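Peer 1: Here's a sequence, model it:
(2 chains)
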Amino acid sequence: MTIVTGKAEARRRLQSGKPGVLRKIWEHRADYTYVLPAIAVMLIVIAYPIYYTIELSFFKTPPGLQLRDKTFIGIDNYTAILTSEVFWRVTWNTLIWTLGSTLIAFVLGFATALALHREFVGRGVLRAILIIPWVISAVAASYIWKWIYHSDFGIIGAVLVGLGLADRPPNFIDSVSTVLPSLIVVNIWREFPFAMIMMMAGLQTVPEQLLRAAQVDGASAWQRFWHVTFPHLRNVSTVTILLLAVANFNSFIIPWIMTGGGPSNASHIWITHIYELAFGRQRWGVASAYSVLLFLTLMTLGYFYVRALSGNERQEGSA
Amino acid sequence: MTRITLGSAVLRGTVATALMASLMSTSALGAPPVDLSKWSPEYVRSIAGTQDFDTAADCAKVTPLDYKGRLTFWYQGVFEGDPDLLRQYYKDFFETFRKTYPNIQLEEQALTYNDLLDKFRTALLGNAAPMAVRLQILGGTEFASKGYLQPLKPEDVGYSTEDFWPGAMKAVTWEGVTYGIPTNNETMAFIWNADIFKRAGLDPDKAPATWDDVVKYSKQIHDKLGIAGYGLVARKNAGNTPYRFMPQLWAYGGGVFDEATANPTYEQVNLDSPQSKAALQASYDMYVRDKSVPVSALTNQQADNQPLFLAGQLGMMISHPSDYDVMLDLQKKATGADKDKAQTVIDNMRYGLIPTGPDGKRAVVFGGSNIHILKPEYVEGGKVDEPAAKAIICMWTSPEWSLKMAYAGSNPGNLNGFKTKWMKERLDNIKFLDVTTSMLPYGIPFPALPQAPEIMNIIVPDMLQNALTGAMTVDEAADDAAKKVRDLMGGL
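Peer 2: This is a model prediction of the structure:
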């Protein structure tokens, strides 16, 4: 009589069975063991807060009461948000902020990367200088720009008045019409080096022999860029744009420090509005519902990001 | 250097008397250490230096000096707009506490006025609050009403309720129970640059008598000299804004509720009253119509007005007496011609009473801070070392330290502080102190409501910004703010 242990039986079943999920897991058991601590930490510091935020979004949390005195109100917080005028205004601001910052920072970064891809004297120094905005602390940069923009004695205003180009300093961040574009400029200044670095890395992967061959075939500079360089950069461009978009959706420091969402809510984006609702006005329920909406938006962007990455891997695998 | 008749200032007007009565009214009227009915700069001078106090001996009766324990403590500390002198006193306080109580392990954390409430609220949600906290006057009722604070009265740390300003005690009382002790109480004053006044064709030694005069003077200064007249502040979520706008609102006869009356009920919202709209209109006239105030008022706070004033680019502002020391500190850091220019401004700095409204009503915010002990369930580790907390509270609210910690910019919460030798020294050293102490009887506390921080830090500044940016008309902005207050009070 043969005695079969449970472990041996399991191994036998796995070996004899079809290559299913369980078998794959078993084959990668060492990998799972290595990532287990990280997953455990993530469950505590990410999964639970997400769960709690979702739960809280279905409760009313009056500012005069403690959080434990919350009352269940179903989807009322979501209804209140989606029917509020402020939400749509803040959403519009968020879209302008995210799209404006992302696209311009990407285009500027790409253009700079193309320029720096060529050999010329001082290229290394220039590259180092251009990275400075990205490595400066966002908090410090916000304060510096606040002073540069200052409506009474900012540097830009002083130069314009000094050169006789303006009677009084321009109003950058104390006006509802100029505040958001002014903040976007700061954000682009800070982010374009990131796009530049990503695209420079991408440019290294463009096969030189293809470019030379195209040149030999009489392709113009634009044709070489459009038909050879750009197709090779499509995936890295997608990833860069998605990363920038996610960062901008979540961008808090610059608008909060420079204007606090003002004046008159003109520079409030989702994340600053959520912060004010939660920590300034203690509407934890509404702020949580807002956060869930933000989370879903970011997850959607994250999905496309992962897809773009997978595309990269597939492409590399087939190459 | 001040040019006002200080002696008579305090007794002016029936409104001031009513406000005085309001500040004095308390359920526990006993025998205060100073006679508030005689309050005047002369009286303050007469009592200064008349009594000695031994802080360590007094606090030893509350918590033995050899007590061994651990205390976590957050406080609203000094920030960029405070003078170096105050920084030194804060440093001295913690050094002295550690020497006096060498076995108490103190873990203190300083936070700025604008950050403290947000951080404290967040910590409370995670049951990670400190054992004791010193909050701005607005905060006491909010946290007491939610049940986060332990009952704490002056008697618990060796003092008497009558030792403190009655108006300040109201700010730490919720539903008849006292939840904290005032550390300092203050009123601000009106500051102007006499040289700018002179060059603008105004009487250099006379402050504007009314808020309408402020609007007029501001325009005149701007039109003649091309600089900002009045230092308007309208930043959101910054304590500076309500401290500067509320005196204007009250002077015009307006208010958020009826907080400017002797016995407020806070039942009727008055932000949309004609008087409140008139006050908002005055700000609108200065910012939009006359363009006579800093354009940066919407993103600025008082710390931004200080360098403008020192640079001779601002004619008038509302602030503490400590601004004189701040100017001296800033002047020391200036170089070359800027140093002389700054000295000229300092020499021409004048302090006066805050202007009145059209009906002669004068008002100022009765500000300050309170100190509290948290309930154990909201504290990190679930334990509160009460003797250690009481030791630091006894020390901070003592006549000696409640005065020293308010040396340049405020007044001691403990009225006995006015009797100390340091008060005498302070009267000689701190310029313009008389003016701000003269404003004390005109002080109106913020509404003692849990909703007050949101009203003062968000709704009122929003109202100003909506009107000043043109996002709404003055009427619409006032109506919108009144609606927000009503919704808030209705639990929305």
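Peer 1: Going by C-alpha atoms from here, please, whenever you check contacts or count neighbours.
Peer 2: Will do.
Peer 1: ok, residue A:127 touching residue A:114?
Peer 2: No: with contact taken as CA atoms under 8 Å, residue A:127 and residue A:114 are classed as non-touching, separated by 11.8 Å.
Peer 1: got the contact list for stretch A:275-289?
Peer 2: Defining contact as CA atoms under 8 Å, 6 or more residues apart in numbering or on different chains, one finds that stretch A:275-289 is touched by A:53-54, A:56-63, A:67, A:77-78, A:81, A:274, B:118, B:121-122, B:237, B:454, B:458.
Peer 1: hmm, 6 Å instead?
Peer 2: Surrounding stretch A:275-289, the residues in contact under the criterion CA atoms under 6 Å, 6 or more residues apart in numbering or on different chains are A:53, A:56-57, A:59-61, A:63, A:77-78, A:274, B:118.
Peer 1: Over to stretch B:361-370?
Peer 2: Counting by CA under 6 Å, 6+ apart, stretch B:361-370 makes contact with B:134-137, B:181-187, B:243, B:247, B:251, B:356, B:442-445, all of which sit outside it.
Peer 1: Could the C-alpha coordinates of it be exported in PDB?
Peer 2: The C-alpha trace of stretch B:361-370 is given here as PDB (Å, rounded to 0.1, in the frame of the first residue of the first chain):
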ATOM      1  CA  LYS B 361     -18.900 102.700  17.100                       C
ATOM      2  CA  ARG B 362     -15.400 101.500  17.700                       C
ATOM      3  CA  ALA B 363     -14.600  97.800  17.800                       C
ATOM      4  CA  VAL B 364     -11.600  95.500  17.700                       C
ATOM      5  CA  VAL B 365     -11.300  91.700  17.800                       C
ATOM      6  CA  PHE B 366     -10.700  90.400  21.400                       C
ATOM      7  CA  GLY B 367      -8.100  87.800  20.400                       C
ATOM      8  CA  GLY B 368      -5.800  85.500  22.100                       C
ATOM      9  CA  SER B 369      -5.100  81.900  22.900                       C
ATOM     10  CA  ASN B 370      -6.200  79.200  25.300                       C
END
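Peer 1: So which residues on the stretch 151-300 of chain A come close to chain B?
Peer 2: Proximity of the stretch 151-300 of chain A to chain B, by CA under 6 Å from any CA of the partner chain, involves residues A:151, A:174, A:259, A:263-264, A:279.
Peer 1: mean confidence for stretch B:128-136?
Peer 2: Taken as a whole, stretch B:128-136 has an average pLDDT of 95.
Peer 1: List the residues that contact whatever residue of the stretch 151-300 of chain B ends up closest to chain A.
Peer 2: Using CA to the nearest CA, the closest approach of the stretch 151-300 of chain B to chain A is made by residue B:296 at 5.1 Å. Counting by CA under 6 Å, 6+ apart, residue B:296 makes contact with A:151, A:174.
Peer 1: quick one: it is in a strand?
Peer 2: No: using DSSP: H, G, I helix; E, B strand; the rest coil, the assignment for residue B:296 is helix, not a strand.
Peer 1: so how far is chain A from the spatially most central residue of chain B?
Peer 2: For chain B, the residue sitting closest to the mean C-alpha position, by CA atoms, centre = their mean, is residue B:367 at 3.2 Å. Applying CA to the nearest CA, to the nearest Å, the value for residue B:367 to chain A is 20 Å.
Peer 1: Check which element follows the helix or strand where residue B:369 lies along the chain.
Peer 2: For residue B:369, the element it lies in under DSSP states H and E is strand B:367-373. Counting by DSSP H and E, the next helix or strand C-terminal to strand B:367-373 is helix B:386-396.
Peer 1: thinking again about what came up before, if we check chain A, which of the contacts of stretch B:361-370 are in contact?
Peer 2: Intersecting the contacts of stretch B:361-370 with the contacts of chain A gives an empty set (criterion: CA under 6 Å from any CA).
Peer 1: how many neighbours does the residue nearest to residue A:69 when sequence neighbours are not counted have?
Peer 2: Residue nearest to residue A:69 in three dimensions, not counting chain neighbours: residue A:61, with 7.2 Å by CA to CA, 6 or more residues apart in numbering or on different chains. The burial metric for residue A:61, expressed as a neighbour count using other CA atoms under 10 Å in any protein chain shown, is 25.
Peer 1: Please list the residues outside stretch B:484-492 that contact it.
Peer 2: For stretch B:484-492, contacts defined as CA under 6 Å, 6+ apart pick out no residues.
Peer 1: hmm, 10 Å instead?
Peer 2: Taking contacts as CA atoms under 10 Å, 6 or more residues apart in numbering or on different chains, the residues outside stretch B:484-492 that touch it are A:60-65, A:281, A:283, B:256-257, B:266-271, B:449-452, B:454-455, B:459-460, B:463, B:478-483.
Peer 1: now stretch A:145-158
Peer 2: For stretch A:145-158, the external contacting residues (CA under 10 Å, 6+ apart) are A:140, A:142-144, A:159, A:161-175, A:182-183, A:185-186, A:254, A:257-259, B:227-228, B:293-300, B:308, B:313.
Peer 1: now that stretch, how far from the chain's geometric center?
Peer 2: Centroid displacement of stretch A:145-158 relative to its chain, using CA atoms, centre = their mean, to the nearest Å, is 28 Å.
Peer 1: pLDDT score for the residue of the stretch 151-300 of chain B closest to chain A?
Peer 2: The confidence metric pLDDT takes the value 89 at residue B:296.
Peer 1: same question, residue B:20
Peer 2: At residue B:20, the predicted lDDT confidence score is 45.
Peer 1: do residue A:217 as well
Peer 2: The predicted local confidence for residue A:217 comes out at a pLDDT of 88.
Peer 1: can you check residue A:140 too?
Peer 2: Taken from the predicted model, the pLDDT recorded for residue A:140 is 94.
Peer 1: Could you pull out the helices in the stretch 101-250 of chain B for me?
Peer 2: Taking DSSP state H, counting those that start in this stretch as the criterion, the stretch 101-250 of chain B carries its helices at B:113-125, B:139-145, B:166-170, B:194-199, B:211-225, B:240-251.
Peer 1: What helices and strands are in contact with the third one?
Peer 2: Packing contacts for helix B:166-170, counted by 3 or more CA pairs under 10 Å, 6 or more residues apart in numbering or on different chains; DSSP states H and E, involve helix B:14-24, strand B:177-178, strand B:181-186, strand B:367-373, strand B:443-444.
Peer 1: could you redo the last one with a cut-off of 6 Å?
Peer 2: Under the contact criterion of 3 or more CA pairs under 6 Å, 6 or more residues apart in numbering or on different chains; DSSP states H and E, the helices and strands touching helix B:166-170 comprise helix B:14-24.
Peer 1: Could I have the CA atoms of the helix or strand that the helix it packs on is followed by written out in CSV?
Peer 2: If you walk from helix B:14-24 toward the C-terminus, the next helix or strand you reach (DSSP H and E) is helix B:41-47. This file holds the C-alpha atoms of helix B:41-47, laid out as CSV (Å, rounded to 0.1, in the frame of the first residue of the first chain):
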residue,chain,number,x,y,z
PRO,B,41,-3.4,103.4,30.3
GLU,B,42,-2.8,105.4,33.5
TYR,B,43,-4.4,102.7,35.6
VAL,B,44,-2.4,100.0,33.9
ARG,B,45,0.8,102.0,34.7
SER,B,46,-0.3,102.5,38.3
ILE,B,47,-0.6,98.8,39.0
